[in-house]
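Colleague: task: produce atomic coordinates for the following.
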Amino acid sequence: MLKDNEAINWLKKMGLSTSGYSLLVLNASNNKKIVTNVERFKKSYHSDHKVLYIECKPTHIIILSVGPSKLRSNITVIGFVELLPKIRTQIEGVVASLGLAEDEIDQSFIDKINSRNFIDDAPIDEVFLQGLAPVSSQPSQAKLLVKPFEGHPEYHEDAAGRMDYSDLHLFDNVISGQHVADYIPPQEGISGRDVYGDTINVEAVVDKPISCGHGIVYDEVQRKYFTEAAGYLVLDERKLSLVTTYVVQGDVDLNVGHINFISNVHIFGDVLPDFSVQASGNVRIDGTVSGASINTEKGLEMTRGILGQNKSVVKTGEDANLKFANETLMEIQGDLKLGKEALNSNLLCLGKIDSEKALIKGGRMVALKEINVASIGSELGVKTHVFLGEDYRNLKRSDEVRELMLKTKDKFEARYEGIYTEVQYWSKENAEHQYTSEELEKLTDKISKVRSMANDLHLLNQEFKLLSTKKPEGRVMECVVLKNIFPGTIFFCSGALLEVKEKISGPVKISGEELSRGHHKINVSSI
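Modeller: Numbers count the residues shown, from 1 in each chain. Down below sits the predicted model:
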């Protein structure tokens, strides 16, 4: 129960007169009712409101307060239902005396009072006066035509209705000279009115376009924004900028998703399994790539290397520089530089493989130009194939053609056997059998398909022979090994091969020219 002095202190704190309360405390029974009503009010009191009027009596309490924005006035009524008509009259008088706008009285509140059958512990606490909120002025904006980088993922379902949570679509790629945003003029605000009937003014707007950051230009005639390079957009407050290098501070994981960027990429962490990085520019990775794929139209620079897990495919349009590549397929259209090793990997290079400190063990090494490595193979005799002066694209196509030839040959033989068996049957078992037009049509169709397959086989065989004898332009058929060549290493060049049977200590140079002329003895003299 609220004590007398607490009630007085609370009224004083509200800046209200305590004279009425002081007179009523002389009557003990009245005091008890007042204190009870005050306690009820404190439970429903709006702490951020300013109290404009309070009437505290044993029979009822009326509190009229206004919010900090002066847009809303609340009324709290505690008392007995038979007093409501009187309370309503009192409220209307209070509104007039306080200078509040009588026309702002919310009639729904009056209806709520009239509909109440009783007032018990739960007081009436409703919006009594409602002002008109102002509409703020809007400065000029830039209407973006593409998705900027905001850090919010945007997932999409595939045709089967499945969601790929590794594809976040954090932004849209933009190209140089692309129209990316339109100017939106400012909008004037609308003044409001508070519960006193006073006007609430709004700030005047200034016609100032969104400013241009790096890589963005604004055409004042067209009132459009254009890019000066490729990248993605960032709208920071009132500045539109272009980012040309996508920087990932940590790992490429589910928080980042697959990367598909039109310019350069810099990853400070690792690329985790089953994620992919595609870029039209250069890619730099400070961590390790584990079971992930990298595809860049330019160069690849790695502080560490690749643990491929027989899943990683790395393709570059220019040079690649890394420490190690294990169980990885690499297709490099420039030069390849390895700092330490390549284990059970396919290294396919249109430039040179320049890895004087690297051990190449297992897999396949194909270079159009010279190869410089520390060692090839291992003491255990792991098969390691080395192709000198070869274009790996021709080798890939040769493998594809060989596989197609085998499949086509199997189908050809099966169909031919079927036709032969059918003809032999009718010739021996029923020589007088006369083919119906339908049977002849089916047989003719089978023969036509067999002839078509035979023609396909002929074309594939011609292509395979052409690829086998094709000599790429600019090739250098030379391999320099500084330390050791281990048994199990096989060198290929222009159809010729040389398998190493015994360990050879370097430095040693293997000449593709000599190998192709049938000189199968390696010169181990100093280089």
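Colleague: from here on, just use CA atoms for contacts and neighbour counts.
Modeller: OK.
Colleague: can you pull the contacts of the most centrally placed residue in the chain?
Modeller: Geometric centre of the chain, nearest residue: L168, 3.1 Å, by Cα atoms, centre = their mean. For L168, the contacting residues are P153, E154, Y155, V256, G257, H258, by Cα atoms under 8 Å, 6 or more residues apart in numbering.
Colleague: what about 7 Å?
Modeller: Shown in contact with L168 (Cα atoms under 7 Å, 6 or more residues apart in numbering): P153, E154, Y155, G257.
Colleague: which one of the residues you listed is nearest S448?
Modeller: Distance to S448, by Cα to Cα, is smallest for Y155 among those, at 49.7 Å.
Colleague: any idea of the pLDDT on that closest one?
Modeller: Listed pLDDT for Y155 reads 86.
Colleague: tally of neighbours for it?
Modeller: By the criterion of other Cα atoms under 10 Å, Y155 has 14 neighbours.
Colleague: for it, give me its contacts.
Modeller: Y155 neighbours (Cα under 7 Å, 6+ apart): M163, D164, Y165, D167, L168, H169.
Colleague: if we go to 10 Å?
Modeller: Counting by Cα atoms under 10 Å, 6 or more residues apart in numbering, Y155 makes contact with M163, D164, Y165, S166, D167, L168, H169, L170.
Colleague: isn't the fourth one up against N255?
Modeller: This means S166. Yes. Contact criterion Cα atoms under 10 Å: S166 and N255 qualify, at 8.3 Å.
Colleague: export stretch 146-165 as PDB, just CAs?
Modeller: The C-alpha trace of stretch 146-165 is given here as PDB (Å, rounded to 0.1, in the frame of the first residue of the first chain):
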ATOM      1  CA  VAL A 146      21.000  -3.800 -59.800                       C
ATOM      2  CA  LYS A 147      21.500  -5.400 -56.400                       C
ATOM      3  CA  PRO A 148      24.300  -3.700 -54.400                       C
ATOM      4  CA  PHE A 149      26.400  -5.500 -51.800                       C
ATOM      5  CA  GLU A 150      24.500  -5.300 -48.500                       C
ATOM      6  CA  GLY A 151      25.500  -8.600 -46.900                       C
ATOM      7  CA  HIS A 152      22.000 -10.000 -47.200                       C
ATOM      8  CA  PRO A 153      21.700 -13.400 -49.000                       C
ATOM      9  CA  GLU A 154      19.100 -14.100 -51.600                       C
ATOM     10  CA  TYR A 155      18.500 -17.800 -52.100                       C
ATOM     11  CA  HIS A 156      16.800 -19.300 -55.200                       C
ATOM     12  CA  GLU A 157      15.100 -22.600 -55.900                       C
ATOM     13  CA  ASP A 158      16.100 -24.700 -58.800                       C
ATOM     14  CA  ALA A 159      13.700 -26.300 -61.200                       C
ATOM     15  CA  ALA A 160      13.100 -29.200 -58.800                       C
ATOM     16  CA  GLY A 161      12.200 -26.800 -56.000                       C
ATOM     17  CA  ARG A 162      15.400 -27.400 -54.100                       C
ATOM     18  CA  MET A 163      17.200 -24.500 -52.300                       C
ATOM     19  CA  ASP A 164      21.000 -24.200 -52.700                       C
ATOM     20  CA  TYR A 165      22.200 -22.600 -49.500                       C
END
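Colleague: pull out the buried residues from that stretch.
Modeller: Buried residues in stretch 146-165, counting neighbours by 16 or more other Cα atoms under 10 Å, are found at K147, P148, F149, P153, Y165.
Colleague: all helices for the stretch 251-400 of the chain, in order.
Modeller: Assigned by DSSP state H, counting those that start in this stretch, the stretch 251-400 of the chain shows helices spanning 392-429.
Colleague: again with the stretch 51-200 of the chain
Modeller: For the stretch 51-200 of the chain, the helices defined by DSSP H, counting those that start in this stretch occupy 84-97, 107-115.
Colleague: which stretch in the ones you listed has the least confidence?
Modeller: helix 107-115 (a mean of 59).
Colleague: show me whatever sits in contact with both of S166 and N255.
Modeller: Common contacts of S166 and N255 (Cα under 10 Å, 6+ apart): P153.
Colleague: ok, these two, which is more surrounded?
Modeller: Taking neighbours as other Cα under 10 Å, S166 and N255 compare with S166 leading, 19 against 14.
Colleague: what residues are up against that one?
Modeller: 153, 155, 252-259, 274-276.
Colleague: E439 belongs to a helix?
Modeller: Yes. Per DSSP: H, G, I helix; E, B strand; the rest coil, E439 lies within a helix segment.
Colleague: what's the pLDDT at it?
Modeller: E439 is given a pLDDT of 74.
Colleague: can you count the residues close to it?
Modeller: Going by other Cα under 10 Å, the residues that sit close to E439 add up to 11.
Colleague: and it, what does it touch?
Modeller: Counting by Cα under 10 Å, 6+ apart, E439 touches D445.
Colleague: cool, and V480?
Modeller: By Cα under 10 Å, 6+ apart, the contact set of V480 is 354, 356, 370-375, 506-511, 527.
Colleague: repeat for L144
Modeller: Listed by Cα under 10 Å, 6+ apart, the contact set of L144 reads H179, V180, A181, D182, Y183, Y225, L233, L235, L240.
Colleague: do that again at 7 Å, thanks
Modeller: Residues in contact with L144 (Cα under 7 Å, 6+ apart) are V180, A181, D182.
Colleague: got the contact list for the first one?
Modeller: The one in question is V180. Contact analysis of V180 by Cα under 7 Å, 6+ apart lists L144, L145, V146, Y225, F226.
Colleague: can you do 10 Å?
Modeller: For V180, the contact set (Cα under 10 Å, 6+ apart) comprises 142-148, 174, 216, 224-227, 233.
Colleague: among these, which ones are buried?
Modeller: A142, L144, K147, P148, V174, I216, K224, Y225, F226, T227, L233.
Colleague: among those, which are located in strands?
Modeller: If you go by DSSP state E, the buried ones among the contacts of V180 have A142, L144, I216, K224, Y225, F226, T227, L233 in strands.
Colleague: on the strand side of things, show who the fourth one bridges to.
Modeller: When you say that, I think you mean K224. Note on K224: beta-bridge partners by DSSP bridges are D182, D219.
Colleague: that one and I210, how far apart?
Modeller: Applying Cα to Cα, to the nearest Å, the value for K224 to I210 is 11 Å.
Colleague: kindly report the same for the last one.
Modeller: Noted for L233: a distance of 13 Å to I210, by Cα to Cα.
Colleague: what do those two both touch?
Modeller: The contact sets of L233 and I210 overlap at L240 (Cα under 10 Å, 6+ apart).
Colleague: least trustworthy helix or strand in this structure by mean pLDDT?
Modeller: Taking mean pLDDT, DSSP states H and E as the measure, the helix or strand of the chain with the lowest value is helix 19-24, at a mean of 44.
Colleague: OK, contacts around the closest residue to A142 other than its chain neighbours?
Modeller: In this structure, A142 finds its nearest non-sequential neighbour in Y183, 4.9 Å apart by Cα to Cα, 6 or more residues apart in numbering. Residues in contact with Y183, defined by Cα under 10 Å, 6+ apart, are 140-144, 208-210, 218-220, 222-225.
Colleague: please report the distance of S137 from P68.
Modeller: Using Cα to Cα, we find S137 at a distance of 21 Å from P68.
Colleague: does S69 really touch H49, like I thought?
Modeller: Yes. Between S69 and H49 there is a contact under Cα under 10 Å: 9.3 Å.
Colleague: before we move on, back to that, which single one of the buried ones among the contacts of V180 is nearest to S345?
Modeller: Distance to S345, by Cα to Cα, is smallest for V174 among the buried ones among the contacts of V180, at 35.5 Å.
Colleague: how much space between the closest one and D167?
Modeller: Between V174 and D167 the distance is 18 Å, computed by Cα to Cα.
Colleague: got the CA coordinates for stretch 287-295 in PDB?
Modeller: Extracted in PDB, the C-alpha atoms of stretch 287-295 (Å, rounded to 0.1, in the frame of the first residue of the first chain):
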ATOM      1  CA  GLY A 287      44.800 -19.900 -47.300                       C
ATOM      2  CA  THR A 288      44.400 -23.400 -48.600                       C
ATOM      3  CA  VAL A 289      41.900 -24.700 -51.100                       C
ATOM      4  CA  SER A 290      40.400 -28.000 -49.900                       C
ATOM      5  CA  GLY A 291      38.200 -30.000 -52.300                       C
ATOM      6  CA  ALA A 292      37.000 -26.800 -54.000                       C
ATOM      7  CA  SER A 293      37.200 -25.400 -57.500                       C
ATOM      8  CA  ILE A 294      38.900 -22.300 -58.900                       C
ATOM      9  CA  ASN A 295      38.200 -20.800 -62.300                       C
END
